[in-house]
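>>> Quick one, fold the following:
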Amino acid sequence: RNKRKKRYRRKVSCYLKEDNKKIYSKALNMITDFQCNMVYLSSSLRRESPKTYASLVSALEKHGAEYRFLDNTHDIWCRDYMPVQVAEDTFCGFDYDPDYLHESKELLATRTDGNMVCHDLGLEVKQPATPLIIDGGNVIRCDNKIIMIEKVFRENNYSKDNLAKAIEEHFMAELIVLPWDESEIYGHADGLVRYIGNDRVLITNYDRFDKSFTRKVIEALRQHFKEVFKLEYNVQRQHKHNWAYINWLQTDKVLLIPSFGYPEDEQAFKQITTLMPMYQGYAEMISAKDLIRHEGCLNCVSWTIRQG
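Okay, here's the model as predicted:
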């Protein structure tokens, strides 16, 4: 992000647990985006993407969605460094230290310690029994399951089975691992898939990049979810940013879908709201042109939690 572009040789890898259908025995029904009633934004978002910020805040106020700002943050991507809430009183922390920030001293200086930010908010963070390097954008909450992309195995120096066990125990959820397309350096699940409720997931139109990769993603998801849907666009030429419709911001009151002035805008809005009819009348498109240029979108710049 922040235009940290780097090309990798296209390579797809995939890890599957020995018994990929086995449900984690202590899984709880965690808080998902559907239950979140508070939105936090980095205080620097207004400076970095002023037009998106203005549209976003206006829509949140229109729908009565409460929002606040996070101080002492070093970049706008608060989804990545803030902990993952699994219950009203349980925030699962981790070590935010992704490899892409180690490309330069300048990038490394943008790293924010989400544990310290939570301390300033008066929130207690549950630390893992085993140190875990994780990006919050690579954790999709799905009731009693979480979805992550396999890059997490690259960044932690444990065996895959031990790491999977440690992640499941920390988040108290079954871990579903999707393949990683290494030509996309971040490896964040929130740029690929979202949970849409009732044991269903929606993936972005990744088959325009790689049909074989998309088949593997769908096959992995179908082992764990009742239904898997994929965004489709009927346009002459798809825009390079149309992957980002999947990166919406969602609370219990509103669904905010990014728009970019592309022909795909209306098609994405119709497909997403049709799959989530509970947001009919409570869904809007947010112009995110000055945000997507940084290689992230609405979910990336928001930290959504449930407060009692």
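>>> Check Ser212 and give its pLDDT.
The score at Ser212 is 93. That number is its pLDDT.
>>> I'd assumed it was in a helix, is it?
Yes: counting by DSSP: H, G, I helix; E, B strand; the rest coil, Ser212 is part of a helix.
>>> Could you report the neighbour count for it?
9 (other Cβ atoms under 10 Å). Using the backbone N, CA and C atoms, a C-beta is placed for each residue, glycine as well.
>>> go on, Glu264?
Neighbours of Glu264 using other Cβ under 10 Å come to 22.
>>> so what's it up against?
Glu264 makes contact with 233, 235, 238-239, 242, 245, according to Cβ atoms under 8 Å, 6 or more residues apart in numbering.
>>> gap between it and Met278?
Distance, Glu264 to Met278, by Cβ to Cβ, to the nearest Å: 23 Å.
>>> before we move on, the earlier item: who wins for most neighbours among the contacts of Glu264?
Tyr245 (29 neighbours).
>>> Name the SS class of that residue, please.
Once three-state DSSP is applied, Tyr245 turns out helix.
>>> Quick check on the spatially closest residue to it that is not a sequence neighbour: phi, psi?
Of all residues not flanking Tyr245 in the chain, Ala268 sits nearest, at 3.8 Å (Cβ to Cβ, 6 or more residues apart in numbering). When read as degrees, to the nearest 10, the backbone of Ala268 gives phi -60, psi -50.
>>> And Ser58, by the same measure?
Dihedral angles of Ser58 (phi, psi; degrees, to the nearest 10) stand at phi -60, psi -40.
>>> what do you get for Leu178?
Backbone dihedrals for Leu178, given as degrees, to the nearest 10, come out at phi -100, psi 150.
>>> For the residue nearest to Tyr245, list the residues it contacts.
So Ala268 contacts 231, 233, 242, 245, 257 (Cβ under 8 Å, 6+ apart).
>>> Just the closest of these to Lys145, please.
Leu231 (21.1 Å; Cβ to Cβ).
>>> Touching, the closest one and Ala244? I think so.
No: checked against Cβ atoms under 8 Å, the pair Leu231 and Ala244 is beyond contact range at 10.7 Å.
>>> between these two, which one's more packed in?
Legend: neighbour count by other Cβ under 10 Å for Leu231 and Ala244, higher for Ala244 (25 against 20).
>>> Following the chain onward from the worst-scoring helix or strand of the chain on mean pLDDT, which element is next?
The weakest-scoring helix or strand in the chain, judged by mean pLDDT, DSSP states H and E, is strand 12-13 (a mean of 46). Counting by DSSP states H and E, the next helix or strand C-terminal to strand 12-13 is strand 38-42.
>>> Quick check, pLDDT for Thr130.
For Thr130, pLDDT reads 93.
>>> Check the one 10 residues further on too.
Ile140 carries a pLDDT value of 98.
>>> Repeat that for Ile133.
So, for Ile133, pLDDT stands at 98.
>>> Verify the stated contact: it with Asp97.
Yes: with contact defined as Cβ under 8 Å, Ile133 counts as touching Asp97 (5.2 Å).
>>> Overlap in contacts, the two.
Glu155.
>>> Nearest to Asp210 among the contacts of Glu264?
Nearest member of the contacts of Glu264 to Asp210, counting by Cβ to Cβ, is Gln238, at 13.7 Å.
>>> who are the neighbours in contact with that closest one?
Residues near Gln238 by Cβ under 8 Å, 6+ apart: 205, 208, 264.
>>> switch the cut-off to 6 Å
For Gln238, the contacting residues are Arg208, by Cβ atoms under 6 Å, 6 or more residues apart in numbering.
>>> and it, helix, strand or coil?
Note that with three-state DSSP, the state of Gln238 is coil.
>>> And the spatially closest residue to Arg200 that is not a sequence neighbour, what's its pLDDT?
Nearest residue to Arg200 in three dimensions, chain neighbours excluded: Glu227, at 4.4 Å (Cβ to Cβ, 6+ apart). At Glu227, the model reports a pLDDT of 98.
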